[in-house]
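Undergrad: Quick one: sequence and predicted model below, then my questions.
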Amino acid sequence: MKILVFGGTTEGRKAVEVLEEAGKTFYYSTKTGEQELTLHHGLRVDGAMDAAAIASFCREHDIRLLIDAAHPFAEVLHQNVIEVARQCNLPLIRYDRIYPPRDPNITWIDDYSQISNDIHTLLATTGVQSIGKLKPLEAKGIKVFYRILKRESSIVLAKAQGATDDQLCFYEDGNTIDIDADAILLKESGESGGFSEKVKAAREKGMKIIALRRPRLGIHEANGTHGKSWAYEEVNGPHGLRRAVEHLLPDFFPLKSGLTTGTCATAAVVAATRQMLTGEQPASVPIHLVDGETIDVAVAYADGCAYCIKDFSDDPDVTRGCRIMAEVKAGKGPSIHFLQGEGVGRVTLPGLGIPVGEPAINPVPRQMITEAVRELTDQSLDITISVENGRELAERTFNPRVGVVDGISIIGTSGIVKPLSNDAFIESIGRELQVARAMGCDAVGLASGKRGEEALLADEPSLRVIHYGNFIGATLEKAYTLGFRRVVLGIMLGKAVKLAEGHLDTHSHKVLMNKSFLAEVAAEAGVKDGVAILDGITLARELWMLMPPDFFDILRQHCYETCRSVFPDGDLEIKIIRNE
């Protein structure tokens, strides 16, 4: 159940980051081995491979999935990977780049021979391999400068193709151009290849811009060869890659990622808008996530609306399996209006970034929906989003605490929910802190739950207290970012012994009570035979009966020092709470 990745690119590096999360073996192949990369579970395979070598490697290492994250202009490699996928019936993922729209003010070509002769000097940024193909331009009297990577292998290869020292320049800063030339030659290398930055720099110097279009993969033609087909997906970002791997090789990741309610709502709105405009009802729609990548989301239709079913990820989310529905109608004026549907909450308090009285559709989903709709139409629209059983589900969320009534919130900042990351829980903490700040609170109390809250309020009844669960670090970071400069942290002893050791996430699945560390604290407090005393305990609360007051003062100081790593200045008070 192994994966073979073809990389050597930024996309290859991102693929590694995604696959490392699984904790399983995979292989990462590059042509030269010169890419600096840290692998933990991945194994490097360096050196060029033709189709026969790739097929042989796949058989020998039990490869079950191919990921092509190579450079868009690595045409030979792309075709070799496609051929092996077809012959061995292996699923294939093409991890491509994000490309800006083709600018009509750029001269687009498909071959180097199409470069016009009306220029005197040319800066070629198309790579060391293209030097030989550009030599005919020199024969026509055009002075060509070659911008290449500043490494020995590239310089040797450039000179082997006839480039001279005065023609070579090197990549020091992709955003600047140090050569004065009439024109610049670029490859359509996408955003990660710095295409937009190079275009901007060239325009600032008044250069003519010539761009070589990226080649077509020919995947669909190959997929139909001999009447056979195999599983193939295209992605252009890390979230889409993970979802594709989860689909094509379900057992590789132990847990499944999911979509936020914001992404689901966006998909439903896009589908409903297309249905209203053209009558079409596609089974899936492309959605742009906040990071710029595009994913396809399944949708369906019923009773004049479109809907998306919140997928079943392994994140503890109350909305899993719910229908998130959208109804889109023509409105008045130039704007988009969000209306409250059944099961979507209404905002009653400030601080959430949404006007009081508006439906609880958070700012990022509103932005995603607005941008997606504006790609389809400029007309005014009334958009109503509803959530199946949302009113009942809201009782199991933080919504009542932040002043959202009658339903759930449409939320999400990245568009993707990572499994068991408790992203939704952390986001709700942030929303509650935002409300407190908007209501004028300069100080905030933090407690893991109801008992801690009661203890803090007993000492300071006017304190606004927010529950952090196990996410002490994330909560303190959010509080600091929002401008709170006084925090009272109430913590039970069982969590305090973990926090004191340096663990800002105190969940028992991640960290356990460390008796060796507690013995060190006991020694600091002057306790003799601390190791022997601690040997017999099983619960942290037993320490109350076994240790002197100095022990808890030192433990509190360690907690304080840990918290300062994420709450660097301001008034920070730590209260260790007895839960008896």
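TA: The structure has been received and is ready for your questions.

Undergrad: which secondary structure element contains Glu34?
TA: For Glu34, there is no helix or strand it lies in under DSSP states H and E.

Undergrad: start the count at 789, not 1, going forward
TA: Shifting the count to begin at 789 puts that one at Glu822.

Undergrad: ok, now which ones touch Thr1061?
TA: Contact partners of Thr1061, counting by CB atoms under 8 Å, 6 or more residues apart in numbering, are 1116, 1161, 1164-1165, 1169. To be clear about C-beta, it is placed using only N, CA and C from the backbone, and glycine gets the same treatment.

Undergrad: Keeping just the C-alphas, turn stretch 1115-1128 into CSV.
TA: Extracted in CSV, the C-alpha atoms of stretch 1115-1128 (Å, rounded to 0.1, in the frame of the first residue of the first chain):
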residue,chain,number,x,y,z
GLU,A,1115,-31.9,28.8,-2.6
VAL,A,1116,-30.8,31.6,-5.0
LYS,A,1117,-33.2,34.1,-6.5
ALA,A,1118,-32.8,37.3,-8.4
GLY,A,1119,-32.6,40.3,-6.1
LYS,A,1120,-32.7,44.1,-6.4
GLY,A,1121,-29.7,46.4,-6.8
PRO,A,1122,-26.1,45.4,-7.5
SER,A,1123,-25.4,43.5,-4.3
ILE,A,1124,-25.6,40.0,-2.9
HIS,A,1125,-28.0,39.6,0.1
PHE,A,1126,-27.6,36.7,2.6
LEU,A,1127,-31.0,35.6,4.1
GLN,A,1128,-31.5,33.4,7.1
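
Undergrad: and that stretch, which residues are buried?
TA: Residues of stretch 1115-1128 classed as buried: 1115-1116, 1124, 1126-1128 (neighbour count, 16 or more other CB atoms under 10 Å).

Undergrad: Which of the three states applies to the closest residue to Leu1270 other than its chain neighbours?
TA: Leaving aside its chain neighbours, Leu1270 sits nearest to Arg1225 (4.9 Å; criterion: CB to CB, 6 or more residues apart in numbering). Using DSSP: H, G, I helix; E, B strand; the rest coil, the structure places Arg1225 in helix.

Undergrad: Which pLDDT value goes with Arg1225?
TA: Looking at Arg1225, its pLDDT reads 88.

Undergrad: what about it, distance to Gly1271?
TA: 6 Å (CB to CB, to the nearest Å).

Undergrad: And for Ser817?
TA: In terms of CB to CB, Ser817 sits 48 Å off from Gly1271.

Undergrad: what about stretch 1027-1034, distance to the chain center?
TA: 11 Å (CA atoms, centre = their mean, to the nearest Å).

Undergrad: Also stretch 821-830?
TA: On CA atoms, centre = their mean, the centre of stretch 821-830 falls 21 Å from that of its chain.

Undergrad: Touching, Gly1133 and Val1190? I think so.
TA: No. If you go by CB atoms under 8 Å, Gly1133 and Val1190 don't touch, sitting 9.4 Å apart.

Undergrad: Neighbour count: the two, which is higher?
TA: Gly1133 (26 against 23; other CB atoms under 10 Å).

Undergrad: JSON lines please, covering the contacts of Thr1061 and showing distance to Thr1048, secondary structure and pLDDT.
TA: Output for these, formatted as JSON lines (distance: CB to CB, whole Å; DSSP: H, G, I helix; E, B strand; the rest coil; pLDDT from 0 to 100):
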{"residue": "Val1116", "distance to Thr1048": "20", "secondary structure": "strand", "pLDDT": "97"}
{"residue": "Val1161", "distance to Thr1048": "18", "secondary structure": "helix", "pLDDT": "97"}
{"residue": "Leu1164", "distance to Thr1048": "21", "secondary structure": "coil", "pLDDT": "96"}
{"residue": "Thr1165", "distance to Thr1048": "24", "secondary structure": "coil", "pLDDT": "95"}
{"residue": "Leu1169", "distance to Thr1048": "22", "secondary structure": "strand", "pLDDT": "96"}
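
Undergrad: From those, keep the buried residues only.
TA: 1116, 1161, 1164, 1169.
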